[in-house]
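Engineer: Next input, structure requested:
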Amino acid sequence: MNTKREFIRLMNTQTEIALATYVDSQPNVRIVNFYFDEAAKTIFFSTFGDNNKIREFESNSQVAFTTIPHGGNEHVRAKGRVQKSRRTVFDAAKYFIEKIPEYKDTIEQAGNYLVLYEIIFESAVVTLDFNNIETYDLTD
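Structural biologist: Coordinates of the predicted model:
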């Protein structure tokens, strides 16, 4: 398996991640749309500025995620750190819309209420099937 190629393919074709946080001895997971910036080696996602996950990020920036396959078992999973982005959702709109065309409506209707976040991680486990599971090191 060419792990880098498969990692990039999955990050470019899968549109959602299950994002897990852990605060006050309680795990929490939610589904968010994302895009991966290959140059920055960073996941970007947006969320409403007044919800619980922001308070969770502020309390503990360590997160885990897995992409969500919509057929088969192919997915990417990793652990990393989440932080508020210096960019806005409007700065990232082009990338979200290229990947998820219907996200245009979300940005048009709720963009002023959305905050852009980043997940920084150094490695990820790439799973194609039960026989093809490898770790991709993003620091190479």
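Engineer: quick one: pLDDT of residue 140?
Structural biologist: We note a pLDDT of 79 for residue 140 in this prediction.
Engineer: Run a quick neighbour tally on it.
Structural biologist: Residues lying near residue 140 (other C-beta atoms under 10 Å) number 6. Where C-beta positions appear, they are placed from N, C-alpha and C, glycine not excepted.
Engineer: quick one: it from residue 122, how far?
Structural biologist: 10 Å (C-beta to C-beta, to the nearest Å).
Engineer: And the residue nearest to residue 115 when sequence neighbours are not counted, how close does it get to residue 114?
Structural biologist: Of all residues not flanking residue 115 in the chain, residue 49 sits nearest, at 4.6 Å (C-beta to C-beta, 6 or more residues apart in numbering). Between residue 49 and residue 114 the computed distance is 7 Å (C-beta to C-beta).
Engineer: and the residue nearest to residue 115, how many residues sit next to it?
Structural biologist: 11.
Engineer: roughly how far apart are it and residue 113?
Structural biologist: 6 Å.
Engineer: Kindly report the same for residue 51.
Structural biologist: Residue 51 is 10 Å from residue 113, by C-beta to C-beta.
Engineer: the longest strand in this structure is where?
Structural biologist: strand 75-84 (DSSP state E).
Engineer: Following the chain onward from the helix or strand of the chain with the lowest mean pLDDT, which element is next?
Structural biologist: None of the helices or strands of the chain scores lower by mean pLDDT, DSSP states H and E than helix 52-59, at a mean of 87. Where DSSP states H and E defines the elements, the next helix or strand beyond helix 52-59 is strand 62-67.
Engineer: Great, nothing more from me.
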